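Asker: with the input below, show me the fold.
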Amino acid sequence: MLKYKTLENISPEVLLETFNESFSDYFVKLQLTKEQLERKLISDSIDLSLSAGAFESERLIGFILHGIAPVDGEKAAYNAGTGVIPSKRGQQLTKLMYQFIQPFLEAAGVKNCYLEVLEQNIPAIKSYESVGYTLNRTLICFKGIPQIREDRKQYAVLALKEMDWDKWASFWDWQPSWQNAITALKNIGSGNNSIGIHLDEKLVAYASYNPQNNRISQFAVAKECRNQGLGSALFQYIFNENKAEVSLINIDANAAGTISFLKSIGLAAFVNQYEMKK
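Answerer: All right, here's what the predicted structure looks like:
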């Protein structure tokens, strides 16, 4: 007998076990440690009281994790992870969990819902379309060892002690996805390192990244200061910390300038995702 419940009473250990079992055969390797799951719950603004679980004989066999935060001034939900353990697939559990949780989201005042799905995951895309999601944009993930010219101009890269979020946003050409948004960076706090370059005592470039795995959440250069090596200096600094490849997820496919820069320093796309919305 299947039952559906919200997840505010689930233990972290049970959630971790089901999460990892659900993603054990995923297109991209995804197995989290307890600490990584805790970071995800915090950074993605996950509200377990608005997240759904499918239970069989009290065992968690499927879940939808929802982050809750404002987007463009309206309360939004973000599907931070949907999983069903391999032995229980083919029963439309994702659709049934959505049907269960939708009234909770509406009662909480959620206006829009977002998610990301790998472009090759056709069954998941069809499942999401069946509950009302449509394609919003394509996102590209990059990784690699930065190849920075030795003769480039040198800049002083310094740790940022205070975050001027409005200043950062003024550098953008495109909106970061949920996992990389300013809300996520505020949630993470000191879990990310933030660095910047100043010219004439004004911030003109910045980056925020996870020092544990060199995952860059955000980087940007002031529009009037581009093509001067500032972005390269940021990436060189991050790489030099532990001499490991860097990665970025969810670059907007229409962000031609960002993509051109990443390719110019030797990074390569390794997976594409669709951002979907309803």
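
Asker: which residues touch stretch 203-211?
Answerer: Stretch 203-211 is contacted by residues 160, 164, 167-168, 171, 185, 188, 191-198, 215-222, 225, 230-231, 233-235, 237-238, 241-242, 246 when judged by Cβ atoms under 8 Å, 6 or more residues apart in numbering. The way it works is simple: take the backbone N, C-alpha and C, and place the C-beta from them, glycine included.

Asker: nope, stretch 238-250 is what I meant
Answerer: Identification of contacts with stretch 238-250 by Cβ under 8 Å, 6+ apart yields 116, 139-146, 148, 176-177, 179-180, 195, 207, 209, 211, 213-216, 219, 235, 262, 267, 273, 275.

Asker: can you say which of the contacts of stretch 203-211 are buried?
Answerer: 160, 168, 171, 185, 188, 192-197, 215-222, 225, 230-231, 233-235, 237-238, 246 (16 or more other Cβ atoms under 10 Å).

Asker: out of those residues, which are inside helices?
Answerer: 168, 185, 188, 230-231, 233-235, 237-238 (DSSP state H).

Asker: returning to what we had before: of the contacts of stretch 238-250, which qualify as buried by neighbour count?
Answerer: 116, 139-144, 146, 148, 176-177, 179-180, 195, 207, 209, 214-216, 219, 235, 262, 267, 273, 275.

Asker: quick one: C113 from K126, how far?
Answerer: Look at C113 and K126: by Cβ to Cβ, to the nearest Å, they are 17 Å apart.

Asker: okay, the two: which has more neighbours?
Answerer: Higher neighbour count among C113 and K126: C113, with 21 against 9, using other Cβ atoms under 10 Å.

Asker: in terms of helices and strands, where is that one?
Answerer: Element membership for C113 (DSSP states H and E) is strand 112-118.
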